[in-house]
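S.K.: what's the 3D shape of this:
(chains A and B)
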2 protein chains.
Amino acid sequence: PPSEVWRQRARAHLDTLTKPLGSLGRLEDIAAQIVSIRRERFTEKVNKGAYVFAADHGITAEGVSAYPREVTHQMVLNFLAQGAAINVLARLHDVELRVVDVGVDADFHNLSSLLHHKVSKGTQNMLHEAAMTDEQLAQALAVGAAIADDASAAGQTMIAIGEMGIGNTTSASAITCALIGATATQATGHGTGMGVEAHARKVSIVQAIVSKHFTASSANSSALEILRCVGGLEIAAMVGMILTAANHQLVIVADGFISTAAAALAVAIAPTVQGYLIAGHQSEEPGHKLLLDHLNLVPVLMLNMRLGEGTGAVLAMPILESAIALYTQMATFTSAGVSGASR
Amino acid sequence: PPSEVWRQRARAHLDTLTKPLGSLGRLEDIAAQIVSIRRERFTEKVNKGAYVFAADHGITAEGVSAYPREVTHQMVLNFLAQGAAINVLARLHDVELRVVDVGVDADFHNLSSLLHHKVSKGTQNMLHEAAMTDEQLAQALAVGAAIADDASAAGQTMIAIGEMGIGNTTSASAITCALIGATATQATGHGTGMGVEAHARKVSIVQAIVSKHFTASSANSSALEILRCVGGLEIAAMVGMILTAANHQLVIVADGFISTAAAALAVAIAPTVQGYLIAGHQSEEPGHKLLLDHLNLVPVLMLNMRLGEGTGAVLAMPILESAIALYTQMATFTSAGVSGASR
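M.R.: Purely as a prediction, here's the structure:
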């Protein structure tokens, strides 16, 4: 887990800086957390990466999204052409962006800028069967783990965990129900945008999925079994990356509902992972707030975003970097010759 | 005022970008607002400035702050030595920082990096008399106006309005009472940090100040008269800068309680200024929320900060810049060949 000794050391240092005690608010909590994660390496230059894991979902056959399944493929091409929101944000904030095909239902052939790790061309339809086989789950987890190894080896210190996959809010909703006992109504939002009727239909599909895989007698399903039955290949890869990134003592910035569902599964598998997580933002998906509360994470930003791709995580990075810069660069009361508080 | 035509044009453009409709949430509102302010110049490179107006306050004789009055002077030296929080944030986020002496109770002599515009060595004690004379008020307003002219002439497009002045939360509280009818209890917080007893004393001082200058029969005092009686030289300079910056069609980012009190006075003087304002954050001072609600501004950040110096405004700038970058750089559904939503 992150080091309590380093966290206390960080708190003591923060109190010597030329500002009223505690006046940097959440930035002080963030700085202390990052120091507790990075320990003696906290002074290293912040080196930021963002990972977008893409995959398709069998559940799209049930019409759970406002967008057609082909959009997963089309958006991957948009990422590679630098035209998507995450490209703009990564460029602006000096974040190295990598796009990973874990299970898109298309052939990408010679695209050298894509990380090719296709496990299969999408999951099975989880309304009728488990989304993945044991083997597919293991492969997808390993994809994420290997990418975390590479990120660490490349000297990255802070990573954003993003995704693209038409239909994957349905997975996130089902995971939220199975993992923390939320109802389908509580955990199901409007995804990328849908009307009242389509939303009601989505709630009933989530309910049916949860009922199929998790009977009352199977309460307390393991996190891996939840992931296998109602997850997605990109979600499994995110879980694998988060688990391994924590081992490498990286600062892990979760994005929206789907990314946070992966984080919650990772914490269920290895509870010490919690201390490495920062919630970049809170999205408009109602299930996202349930998961953040479950994980005891306070989001850095609340901007009513609901886009995914890692956008909320990357957008929080300048704030996180600010916390580190303040911690390492501010003068102390003594060094600056500033009088302290009298009471 | 900002252009409604440009705002509508911006909204229409946002809906063509490769993202679900409205999925960038508040970033879309921010982009549309900035386009409405900058109009055809919205494509110009974002050029950011931050201004810290410093002055002392006669009311410090009443012991309203946890810090001694000398800290205003000492912190100005800290700003010039690059050691304060605002220095770190401005450096990290590529913001040109200028520090303005409008009324610090000290002689700065040959400090070339300071903007020397001292009107007097602090205000009078507003518990007993008006904080400023008419002439002092006019001079301080003119200081801010001239600096806004310079900012615009230098090509700045977005400015953060910050301050440093021991005792100035007492001014902000009194302004909040006089301007929007809040009670001293509602409008008075813990400033830079004080215990329960000191806080109760501060509330009663704010109450006494408000009672002295604004009798029931003088209800609806003009904004300028409120500023003169219970403001500060740095607050008056901020009002002057905000008024003139709006005329130059700059994006004006308010910081915390004191900066927002200046913004509220500027809007009371010239209501169209409201459309040029962005609230960088919401601080822990209870009066700040009252003013933001009064101004109908939604803060970009809520990080429990209470430091001033323009820190919350500068910290919001990477988010604002992100909104502009997304607006100008994202691909459209048509250009990227991505399918739209079916419903």
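
S.K.: Assign a three-state SS to the nearest residue to A:His116 once chain neighbours are set aside, would you?
M.R.: Spatial nearest neighbour of A:His116, excluding adjacent residues (Cβ to Cβ, 6 or more residues apart in numbering or on different chains): A:Asp101 at 5.8 Å. C-beta: built from backbone N, CA, C; applies to glycine. Under DSSP: H, G, I helix; E, B strand; the rest coil, the three-state class of A:Asp101 is strand.

S.K.: likewise the one 5 residues further on?
M.R.: Local secondary structure at A:Ala106 is given as coil here, using three-state DSSP.

S.K.: Which of the helices or strands spans the nearest residue to it once chain neighbours are set aside?
M.R.: The spatial neighbour of A:Ala106 that comes closest, neighbours along the chain excluded (Cβ to Cβ, 6+ apart), is A:His73 at 3.9 Å. Element membership of A:His73, judged by DSSP states H and E, is helix A:70-80.

S.K.: immediately after that helix, which helix or strand?
M.R.: With elements assigned by DSSP H and E, the helix or strand that comes after helix A:70-80 is helix A:85-92.

S.K.: Can you name every helix or strand that that following helix contacts?
M.R.: Helices and strands touching helix A:85-92, by 3 or more Cβ pairs under 8 Å, 6 or more residues apart in numbering or on different chains; DSSP states H and E, are strand A:48-55, strand A:95-103, helix A:311-329, helix B:311-329.

S.K.: Now the stretch 51-200 of chain A against chain B: closest residue?
M.R.: A:Gly83 (2.8 Å; Cβ to the nearest Cβ).

S.K.: dump the residue contacts of that residue.
M.R.: A:Gly83 makes contact with B:18, B:330-331, B:335-336, according to Cβ atoms under 8 Å, 6 or more residues apart in numbering or on different chains.

S.K.: Show the overlap between these and what lies near chain A.
M.R.: Among the contacts of A:Gly83, the residues lying close to chain A (Cβ under 8 Å from any Cβ of the partner chain) are B:18, B:330-331, B:335-336.

S.K.: Identify, from those residues, the entry nearest to chain A.
M.R.: The closest of the ones next to chain A among the contacts of A:Gly83 to chain A turns out to be B:Ala331 (Cβ to the nearest Cβ; 2.8 Å).

S.K.: Now stretch A:215-228: average pLDDT?
M.R.: Here stretch A:215-228 scores 82 as its mean pLDDT.

S.K.: Would you mind measuring the gap between the ends of that stretch?
M.R.: One end of stretch A:215-228 to the other measures 16 Å (Cα to Cα, to the nearest Å).

S.K.: what's the answer for stretch A:178-190, then?
M.R.: Stretch A:178-190: ends 19 Å apart by Cα to Cα.

S.K.: List the buried residues in it.
M.R.: Buried residues in stretch A:178-190, defined by neighbour count with 16 or more other Cβ atoms under 10 Å in any protein chain shown: A:178-180, A:182, A:184, A:186-190.

S.K.: Turn those residues into TSV, columns for pLDDT.
M.R.: Compiled in TSV, the buried residues of stretch A:178-190 are given as follows (pLDDT from 0 to 100):
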residue	pLDDT
A:Ala178	96
A:Leu179	96
A:Ile180	95
A:Ala182	96
A:Ala184	96
A:Gln186	97
A:Ala187	97
A:Thr188	96
A:Gly189	90
A:His190	83
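
S.K.: Helices - which of these land there?
M.R.: The helices, defined by DSSP state H, take in A:178-180, A:184, A:186-187 from those.

S.K.: Next, see if the helix or strand of chain A with the lowest mean pLDDT gets close to chain B.
M.R.: None of the helices or strands of chain A scores lower by mean pLDDT, DSSP states H and E than helix A:333-336, at a mean of 92. Yes: Helix A:333-336 reaches chain B (Cβ under 8 Å from any Cβ) through A:335-336.

S.K.: What residues are recorded as beta-bridge partners of A:Leu114?
M.R.: Under DSSP bridges, the beta-bridge partners of A:Leu114 are A:Val99.

S.K.: Strands along the stretch 201-343 of chain A, start to end?
M.R.: Taking DSSP state E, counting those that start in this stretch to define them, one finds strands in the stretch 201-343 of chain A at A:251-254, A:277-279.

S.K.: Assign A:Glu148 to helix, strand or coil.
M.R.: Actually, residue A:148 is Ala. It isn't Glu. helix.

S.K.: The residue nearest to it when sequence neighbours are not counted: what's it in contact with?
M.R.: Spatial nearest neighbour of A:Ala148, chain neighbours left out: A:Thr244 (3.6 Å); criterion: Cβ to Cβ, 6+ apart. By Cβ under 8 Å, 6+ apart, the contact set of A:Thr244 is A:144-145, A:148-149.

S.K.: pLDDT weak spots in the stretch 201-343 of chain A?
M.R.: The stretch 201-343 of chain A contains residues with pLDDT under 70 at A:216-220, A:342-343.

S.K.: what does it have sitting close to chain B?
M.R.: Residues of the stretch 201-343 of chain A lying close to chain B (Cβ under 8 Å from any Cβ) are A:284, A:300-307, A:311, A:315, A:318-319, A:321-322, A:325-326, A:329-331, A:335-343.

S.K.: Please list the residues of the stretch 1-150 of chain A that sit near chain B.
M.R.: Proximity of the stretch 1-150 of chain A to chain B is confined to A:17-27, A:66-68, A:70-71, A:74-75, A:77-78, A:81, A:83-85, A:87-89, A:91-93 under the rule Cβ under 8 Å from any Cβ.

S.K.: Please enumerate residues in contact with stretch A:130-147?
M.R.: A:51, A:53, A:57-59, A:98, A:100, A:102-103, A:115, A:117, A:119-120, A:123-124, A:171, A:213, A:224, A:227-234, A:236-244.

S.K.: Where helices are concerned, which of these count?
M.R.: Using DSSP H, the members of the contacts of stretch A:130-147 that fall in helices are A:171, A:213, A:224, A:227-230, A:233-234, A:236-244.

S.K.: just for the stretch 51-200 of chain A, where's the confidence low?
M.R.: In the stretch 51-200 of chain A (pLDDT under 70), no residue qualifies.

S.K.: how much space between A:Pro1 and A:Arg7?
M.R.: Separation of A:Pro1 from A:Arg7 (Cβ to Cβ, to the nearest Å): 10 Å.

S.K.: swap in A:Ile180?
M.R.: Relative to A:Arg7, A:Ile180 is positioned 27 Å away (Cβ to Cβ).

S.K.: With A:Gly162 instead?
M.R.: On the measure of Cβ to Cβ, A:Gly162 and A:Arg7 end up 27 Å apart.

S.K.: higher neighbour count, these two?
M.R.: Under the neighbour definition other Cβ atoms under 10 Å in any protein chain shown, A:Gly162 and A:Arg7 were set side by side, and A:Gly162 has more, 33 against 20.

S.K.: Output the contacting helices and strands for the strand or helix carrying that one.
M.R.: For A:Gly162, the host element (DSSP H and E) is strand A:158-164. Applying 3+ Cβ pairs under 8 Å, 6+ apart, we find strand A:158-164 packed against strand A:48-55, helix A:70-80, helix A:233-247, strand A:251-254, helix A:257-269, helix A:311-329.

S.K.: Direction-wise, compare that strand with helix A:311-329 and give the angle.
M.R.: When axes from the mean of the first three to the mean of the last three Cα atoms, to 10 degrees is applied, the directions of strand A:158-164 and helix A:311-329 differ by 180 degrees.

S.K.: related to what we said a few turns ago, which of the contacts of A:Thr244 sits closest to B:Ala32?
M.R.: A:Gly144 (37.3 Å; Cβ to Cβ).
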